[in-house]
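**Student:** My questions concern the predicted model and sequence given below.
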Amino acid sequence: MDFKLEVIVLPVADADRALEFYRGLGWRLDADFAADDKFRVIQLTPPGSLASVIFGTGLTDAAPGSSQGLHLVVEDIDAARAELAGKGVDVSEVFHDAGGVFHHAGTEGRVPGPDPQRNSYSSFASFSDPDGNGWVLQEITTRLPGR
């Protein structure tokens, strides 16, 4: 049995502001349905992704901006960072982790620049949406076996 992660719920305070932000990133609008003024579902998909995000009104009790560590995998961290910056996103500089395994929470352990060996899975950049939901770009050029 396959269990495919396809949708992540993002807690936002203002659905229209979030819609404008994610559309500005070039994400495809898949759905925008409102049953009434208390329930609205907006679904968008990042370019090339099989998974989508939904947000809106009445979808979650989570505090706006409380989703952290959401990963967007890219083949070229520098190009992806430049693209986001070109769209007005406040994106961090590229970094790698001091421990070399995975990035820590927040900004702890960040070392400026990409991984010195340019190992796959080891270079990152980060940004947040207007509510503070935290995204991480992760460069993957060669997948681990079985992936």
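**Tutor:** Ah, there it is. It should be emphasised that the depicted structure is a prediction, and the values quoted were computed from it without experimental measurement. Numbers count the residues shown, from 1 in each chain.
**Student:** who does the lengthiest strand in the chain touch, helix- and strand-wise?
**Tutor:** Counting by DSSP state E, the longest strand found in the chain is strand 28-36. Secondary-structure packing of strand 28-36 (3 or more C-beta pairs under 8 Å, 6 or more residues apart in numbering; DSSP states H and E): helix 15-24, strand 39-45, strand 52-57. C-betas here are computed from N, CA, C, even on glycine.
**Student:** go with 6 Å
**Tutor:** Counting contacts by 3 or more C-beta pairs under 6 Å, 6 or more residues apart in numbering; DSSP states H and E, strand 28-36 is packed against strand 39-45.
**Student:** what comes into contact with stretch 18-37?
**Tutor:** 12, 40-47, 55, 87, 129-130 (C-beta atoms under 6 Å, 6 or more residues apart in numbering).
**Student:** Could you rerun that using 8 Å?
**Tutor:** Under the criterion C-beta atoms under 8 Å, 6 or more residues apart in numbering, residues 10, 12, 40-47, 52-57, 84, 87-89, 129-131 lie in contact with stretch 18-37.
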